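In: pasted the sequence and its predicted model underneath.
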Amino acid sequence: MELSWIMRIRIIAAMAVGAALIGIIGWPIADPADASMPVTATQIPLTATMALILLTFTSGIIAYAIAWPYGLQIGVLAPATGLAVWAVRSASMARLLQTLPAAQQRTAVYAAFKWEPLFWLAILATGLLGVLLANYLKPGKTNEQLEPEMPKSKQQDSTYLTIIIAFIGSALICLFGITVLARDVILPDTRLNYVMGQPDIAQIAFAVLVAFGTAAFAVKVLLNADYIWPISASILVGAFSINIYAGAQNIQHLAETWPAAFFSHPATAILPVQLVSFAALGSIAGYWLGVKYNYWKILEQ
């Protein structure tokens, strides 16, 4: 199964819609007044949040139309790409912590960030709703299936056990991948064993994309599960990392011993918007690689 050049253009165009509509036109919604502040949910007021929801919803509809007749499979890339542009343009976690010298201040920031991925996932969900609405209003058939028909024994499994395994398994794979790939300079530390410098945004993007792409590929091939579960696992990755590696004692030690640009774990140097946006793009890519692999396996039989 190979994508035609027309389909590749449609995929790029769908992503461009999100980049333009959310990432560029919608940037004033997220643009902090202070350049040292990153893009966070707490700085976006309710009225701006409503505007963001409208933009993501609209991006899903437009991307669906551009990618027709495969808008249902491709349209969701638009809102994810738009948020990824914000993630790239945002100031880093280190820049934020440099403005907060007290350990109590940093602890409060991480406490707020623990569940912030829920906000960004909800924003992505509004884009998906736009895709679903467009699909409902303009249903259609395609002459070619993007995903091959699977044997009944391997059809999409949505049982609770499969969902739990896909969710937790994805989180474990992603946490391991981020730990290995999102590394900057590493220095020894007597209490934490090591500390790590703030990774560059390109390093963060690479690590999260690969980690979540690997997880989505694995759950598709092994469980035939959807990419929604690896994307949702970003909640668990963020909360677990903060609970284990950004506890009050660790933050107190870092504040007293190291500059703000050093962290106890790579995941604690990643902003929630960066985690969720790159997780979505990586999971979607990994899922379709899994579809392609399954198609190849069917042809080999």
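Out: On my side now, so go ahead.
In: can I assume P101 sits in a helix?
Out: No - with DSSP: H, G, I helix; E, B strand; the rest coil as the criterion, P101 is located in coil rather than a helix.
In: what's the burial count for it?
Out: As a burial measure, P101 scores 10 neighbours (other Cβ atoms under 10 Å). Every C-beta, even on glycine, is put in place using the N, C-alpha and C of the backbone.
In: without its sequence neighbours, what residue ends up closest to L52?
Out: Distances taken as Cβ to Cβ, 6 or more residues apart in numbering place I29 nearest to L52, at 5.3 Å, with adjacent residues excluded.
In: need the contact list for that neighbour.
Out: By Cβ atoms under 8 Å, 6 or more residues apart in numbering, the contact set of I29 is I44, A48, A51, L52, L55.
In: most surrounded residue in these?
Out: Compared across those, L55 has the highest neighbour count, 24 neighbours, by other Cβ under 10 Å.
In: so who does that residue touch?
Out: Residues near L55 by Cβ under 8 Å, 6+ apart: L21, I22, I25, G26, I29, G82.
In: distance of the fifth one from G23?
Out: Taking Cβ to Cβ, to the nearest Å as the measure, I29 and G23 are separated by 11 Å.
In: same deal with the last one?
Out: Distance of G82 to G23, computed by Cβ to Cβ: 5 Å.
In: for this structure, just list every one of the strands.
Out: Using DSSP state E, the strands of the chain run over 186-189, 193-197, 262-263.
In: next, format these as JSON lines and append mean pLDDT and distance to A205.
Out: As requested, these are exported to JSON lines (pLDDT from 0 to 100; distance: least, Cβ to Cβ, whole Å):
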{"stretch": "strand 186-189", "mean pLDDT": "94", "distance to A205": "20"}
{"stretch": "strand 193-197", "mean pLDDT": "94", "distance to A205": "17"}
{"stretch": "strand 262-263", "mean pLDDT": "96", "distance to A205": "17"}
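In: which of these sits most buried?
Out: Across the strands of the chain, averaging neighbours per residue (mean count of other Cβ atoms under 10 Å) puts strand 262-263 on top, at a mean of 24.
In: contacts for it?
Out: M93, L187, V195, M196, G197, Q198, Y245, L254, A269.
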